[in-house]
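Visitor: kindly return the folded structure for what I paste below:
(one chain, ligands or ions: 2)
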Amino acid sequence: MRVLGIETSCDETGVGVFDGDRGLLAHAVYSQVEIHAEYGGVVPELASRDHVRKTLPLIRQVLREAGLPKESIDGVAFTAGPGLIGALLVGAAVGRALAWAWGVPAIGIHHMEGHLLAPMLEAPAPAFPFVALLVSGGHTQLLEAAAIGRYRLLGESLDDAAGEAFDKTAKILGLPYPGGPALARLAEHGDPQRYRFPRPMTDRPGLDFSFSGLKTFTLNTLQRETARTHDPARTRADIARAFEEAAVDTLVIKCRRALRQCANRRLVVAGGVGANRRLRARLDAMAAQEDTEVFYPRPEFCTDNGAMIAYAGWQRLRAGQAEPLAFTPRSRWSMEELPPV
Ligand code: KG4
Ligand code: ZN
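Guide: Ligands and ions are numbered 1, 2, ... in the order given. A predicted model of the protein is given here:
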């Protein structure tokens, strides 16, 4: 079975084609970064309008470049939530309509399930059950995954998601949107010994996160230090490094705790912050101590893409699941509500 996947939940238009026999056949992402950069963040209405312009042309481009006639597509998957509702509506309407026109089944995919399954596009793919750390711009979650559609939430962010904390902290440091990768680059030059930021909620039991305090800590440190420093560029790099160390350390501490709690030795990491090199290095070091295997998607599949939606869609469509003609995108949606396969 061959599935076309469409992702439009936020500021990236993503298209992918996954084939059950041959694996990922094609994919492309169009990023709206330039559109939102001047506003310092995603403007939902501009995102929706640009998805309207880009989704169909990107689908045509991907099919043409891979030499795949539309008749070769056996099913269509689209992101149905969570995300920006206007943006979701575009991909869902295009995907559902194409499936109807082509006479093939369609399925709405949970965006975070797409992220969660993205490491299965790599070899070796993780086997169930595993513990998953999902770290994106909108979500920070630890889950226990028993099988596709059987997810138990272990903990999540009570305020800012990890990616959101990277983005907001980057803004405080005067970095351009999107802040996460820019902050990570600045932190490369920072001295990890100069400042020590707190590791929120690690001194008590539990697997929830709270990252919003780190942002305030950054602001206070920046204001205090700017008044006394002779080298503001170095101070900013050192603060970026201290923030990154604290955020990464906090995620690693909770992952170790979750693995022990679930008596599991497989960890899956996905979502945009999963592309962070320091996070990967620290998780690898922790996993070696815990005799645990860690699975990541390649960096381009950590951030939003259509390949992960095509793959998740293939898993569900081949199991006979499908969406009726009346589709329902949802801006909020718990992964625990998903049906098993
Ligand atoms: O998964 P994603 O592409 O979109 C959502 O579903 O939200 O994640 C985007 C988030 C942004 O907050 C971005 O700043 C962050 O992932 N991000 C990073 C890195 N690359 C992307 N954060 C830290 N380090 C990175 N290298
Ligand atoms: Zn995402």
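
Visitor: which residues of the stretch 51-200 of the chain lie near ligand 1?
Guide: 136-138, 163-164, 166-167, 178-181, 184 (CB under 6 Å from any ligand atom). The C-beta positions use only the backbone N, C-alpha and C, and glycine is treated the same way.

Visitor: mind jotting down where the helices sit in this structure?
Guide: All helices of the chain, identified by DSSP state H, fall at 33-37, 44-65, 85-102, 111-117, 162-172, 179-188, 212-228, 232-262, 277-289, 307-317.

Visitor: spatially nearest residue to the residue nearest to the spatial centre of the chain (excluding sequence neighbours)?
Guide: What sits nearest the mean C-alpha location of the chain, by CA atoms, centre = their mean, is Gly271, with 2.3 Å. Excluding its sequence neighbours, the residue lying closest to Gly271 (CB to CB, 6 or more residues apart in numbering) is Ser136, at 3.5 Å.

Visitor: so what pLDDT did the one you found get?
Guide: On pLDDT, Ser136 comes in at 96.

Visitor: please renumber so the chain begins at 22
Guide: Noted, 22 is the first residue going forward, which turns the last one into Ser157.

Visitor: quick one: it and Gly116, what's the gap?
Guide: To Gly116, Ser157 is 21 Å away according to CB to CB, to the nearest Å.

Visitor: ends of stretch 122-136, how far apart?
Guide: One end of stretch 122-136 to the other measures 28 Å (CA to CA, to the nearest Å).

Visitor: next one: that stretch to chain centre, how far?
Guide: For stretch 122-136, the distance from its own C-alpha centre to the chain's C-alpha centre is 17 Å (CA atoms, centre = their mean, to the nearest Å).

Visitor: the nearest residue to Arg339 once chain neighbours are set aside - how many residues pack around it?
Guide: Of all residues not flanking Arg339 in the chain, Met22 sits nearest, at 5.1 Å (CB to CB, 6+ apart). Applying other CB atoms under 10 Å, we find 15 residues neighbouring Met22.

Visitor: can I assume Met22 is in contact with Ala98?
Guide: No. Between Met22 and Ala98 there is no contact under CB atoms under 8 Å: 11.2 Å.

Visitor: what is in contact with those two at once?
Guide: 335, 338 (CB atoms under 8 Å, 6 or more residues apart in numbering).

Visitor: give me the neighbour count for the residue nearest to Arg23 when sequence neighbours are not counted.
Guide: Excluding the flanking residues, the one nearest Arg23 by CB to CB, 6+ apart is Asp40, at 4.5 Å. Residues contacting Asp40 under the criterion other CB under 10 Å number 18.

Visitor: and what of Val115?
Guide: By the measure other CB under 10 Å, the count of residues near Val115 is 19.

Visitor: ok, now how distant is it from Ile130?
Guide: Val115 sits 14 Å away from Ile130, going by CB to CB.

Visitor: same question, Arg287
Guide: Taking CB to CB, one finds Arg287 at 23 Å from Ile130.

Visitor: of these two, who's got more company?
Guide: Using other CB under 10 Å as the criterion, Arg287 and Ile130 rank with Ile130 on top: 31 against 19.
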